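Chemist: how would this look folded up:
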Amino acid sequence: MKIFVVDDDPFALRLVGRQLEMLGYSDVQTFDAVKAPLSLLAADAAAADVILLDLAMPDMDGMECVQRLAKLRYPGVVIFISGMDAGILQAAPVLAKGLHLRVAGALKKPCAVDDLRVLLDGITTS
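Modeler: Okay, here's the model as predicted:
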């Protein structure tokens, strides 16, 4: 499974990267801004099977990124990771699903490795 992790916080990128490694995922790319992974997906929509996306990014917020993923007809799965309040974490998947994106769920930062495992296991078994 190819995974993109998009978060502007270097600590969060390292943490999620280590958690994914602990869970046995080795094909992981991390990005500290949204534009690079969107460019890769524009060239090849299958460049990532899963995107772990922070909702609060300085160059483009998560909701704008979701709209761009929908325009690209991204066939993979999105998992939101954010330190934002629970209302936003609940609204983001609803918006993304309304745009016909596949969403595994949303996790509060810092996410627990067991919560991340549950979401990823749900993807691989469905």
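
Chemist: and the nearest residue to M84 once chain neighbours are set aside, how far is that from L40?
Modeler: Using C-beta to C-beta, 6 or more residues apart in numbering and skipping residues adjacent in sequence, the residue nearest M84 is L55, 5.5 Å away. For every residue, glycine as well, the C-beta is placed using N, CA and C. Computed as C-beta to C-beta, to the nearest Å, the L55 to L40 distance reads 20 Å.

Chemist: Might you calculate how far the helix or strand of the chain with the lowest mean pLDDT sits from the centre of the chain?
Modeler: In the chain, the helix or strand scored least confidently by mean pLDDT, DSSP states H and E is helix 86-98, which has a mean of 83. In terms of C-alpha atoms, centre = their mean, to the nearest Å, the centre of helix 86-98 is found 13 Å from the chain centre.

Chemist: following that helix, which helix or strand shows up next?
Modeler: Once the chain leaves helix 86-98, the next helix or strand it forms, by DSSP states H and E, is strand 102-108.

Chemist: What average pLDDT does that next one get?
Modeler: The pLDDT scores in strand 102-108 average 93.

Chemist: so what does it touch, helix or strand wise?
Modeler: Here strand 102-108 touches strand 77-82, helix 86-98, helix 113-124, going by 3 or more C-beta pairs under 8 Å, 6 or more residues apart in numbering; DSSP states H and E.

Chemist: Assign the most centrally placed residue in the chain to helix, strand or coil.
Modeler: Residue closest to the average C-alpha location in the chain (C-alpha atoms, centre = their mean): L52, at 1.8 Å. Of the three states, L52 takes strand under DSSP: H, G, I helix; E, B strand; the rest coil.

Chemist: Can you name the helix or strand that C65 falls in?
Modeler: In the assignment (DSSP H and E), C65 maps to helix 62-71.

Chemist: what does R73 give?
Modeler: Using DSSP H and E, R73 is not contained in any helix or strand.

Chemist: I figured the residue nearest to M84 was touching G62, is that so?
Modeler: Yes - with contact defined as C-beta atoms under 8 Å, L55 counts as touching G62 (3.4 Å).

Chemist: can you list residues touching both of the two?
Modeler: 80, 82, 92 (C-beta atoms under 8 Å, 6 or more residues apart in numbering).
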